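Visitor: please find the sequence and the predicted model below.
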Amino acid sequence: MWDRIVQEAPDFFTYYNAIFVLQAMGRTLALTVIGCVAGFIFGFAIAAIRSTRARALLPLRLLVTVYVEIFRRIPFLVILFIVMFGIQAVSRGISLFAIALISICMVSTAFMSEIIRAGMESVPKMQREAAEAMNFGFMRTLLLVILPQAWKVILPPGFAFMVMFIKDTALVSQMGVVELAFTGKMFVGRGFSPFLVYGTVLAGYFVMSYPLSRLGAYLENRLATSRSRESIQRVWTGPGPVQSEPVGEQG
């Protein structure tokens, strides 16, 4: 195995192959970033709708709730093919990359809306009531009271979801989208060693996901409360020395 890798490495690590792999990494990163940013925007709108109590918006709240529950429970690969066949039945001029991006946005919206809703619900209820007592409207309460506190809870899992989705974008290779995982199939089909090819693919995913995971860990530690920060630090450094309390003398 190692002899084959050493023998094929000069032919594999060429300028044009490197450009091809970097372009595939760019498509993978573009799918993830655009999908998650769009998911955050639409997910915020869904979370805001679900947090309202207006009776006029009840049908809309039920509709977006059904959307979230469905798309969080259907496998991503199934959604890809449903969206692909649905769009191609109407128009065959849309590229596979666009179809994959639409699918990612739909799934990302469902998951991001739950992350945002959980962050909004972490704000104490008494602060909402205080805002209502001061005649704050819904949007004013949301923008001035809830979000400044909720984003500390939203950002860390949001970055964790983005890192997870970098890996999940490999499923779009089943549609024929030329992203990082698909390039691995192409090079193996050209006769290169699978260990050499997928080792390079693994390194590509690591290069894309590691900085985001470190940024998410930094935000989690930076935005945590002092008590939570001590708990995180204890996980990495271990418990400190146990201090026994002095026992008073009994009379």
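Guide: That came through, no problem.

Visitor: in the longest helix anywhere in the chain, what's buried?
Guide: If you go by DSSP state H, the chain has its longest helix at helix 15-51. Within helix 15-51, the residues that count as buried by 16 or more other CB atoms under 10 Å are 17, 21, 24-25, 27-29, 31-32, 35-36, 38-40, 42-44, 46-51. C-beta here means a position set from N, CA and C on the backbone, and glycine is covered the same way.

Visitor: one more: stretch 108-119?
Guide: 108, 109, 110, 111, 112, 113, 114, 115, 116, 117, 119.

Visitor: next one: stretch 144-162
Guide: Buried, per 16+ other CB under 10 Å, within stretch 144-162: 145-147, 150, 152-162.

Visitor: ok, those vs residue 220, which is closest?
Guide: Closest to residue 220 out of those is residue 156 (3.9 Å), distances taken as CB to CB.

Visitor: work out the gap between the host helix or strand of that closest one and the centre of the chain.
Guide: Counting by DSSP states H and E, the element that carries residue 156 is helix 147-168. A distance of 6 Å separates the centroid of the chain from that of helix 147-168, by CA atoms, centre = their mean, to the nearest Å.

Visitor: next SSE after that helix?
Guide: Past helix 147-168, the next helix or strand by DSSP H and E is helix 180-189.

Visitor: report the angle between that next one and helix 15-51.
Guide: Interaxial angle, helix 180-189 versus helix 15-51 (axes from the mean of the first three to the mean of the last three CA atoms, to 10 degrees): 150 degrees.

Visitor: I'd like the distance between residue 37 and residue 142.
Guide: 20 Å (CB to CB, to the nearest Å).

Visitor: go on, residue 166?
Guide: Per CB to CB, residue 166 is found 30 Å from residue 142.

Visitor: what of residue 198?
Guide: For residue 198, the distance to residue 142 - CB to CB - is 46 Å.

Visitor: looking at these two, which is more packed in?
Guide: Applying other CB atoms under 10 Å to residue 198 and residue 142 shows that residue 142 carries more neighbours, namely 20 against 16.

Visitor: right, and the more buried one touches residue 48 too?
Guide: Yes. At 6.3 Å, residue 142 and residue 48 qualify as touching, with contact defined as CB atoms under 8 Å.

Visitor: now do stretch 37-44: everything it contacts.
Guide: 104-105, 107-116, 158 (CB atoms under 8 Å, 6 or more residues apart in numbering).

Visitor: which of the buried residues of stretch 144-162 lies closest to residue 130?
Guide: For these, the nearest to residue 130 is residue 145 (8.0 Å; CB to CB).

Visitor: list the contacts of the closest one.
Guide: 123, 127, 128, 131, 136.

Visitor: angle of the host helix or strand of the third one against helix 147-168?
Guide: In this assignment (DSSP H and E), residue 128 forms part of helix 125-133. With the same axes, to 10 degrees as the basis, helix 125-133 and helix 147-168 are set at 120 degrees to each other.

Visitor: ok, and the closest non-adjacent residue to residue 201?
Guide: What sits nearest to residue 201 in space, not counting adjacent residues and going by CB to CB, 6 or more residues apart in numbering, is residue 184, at 4.3 Å.
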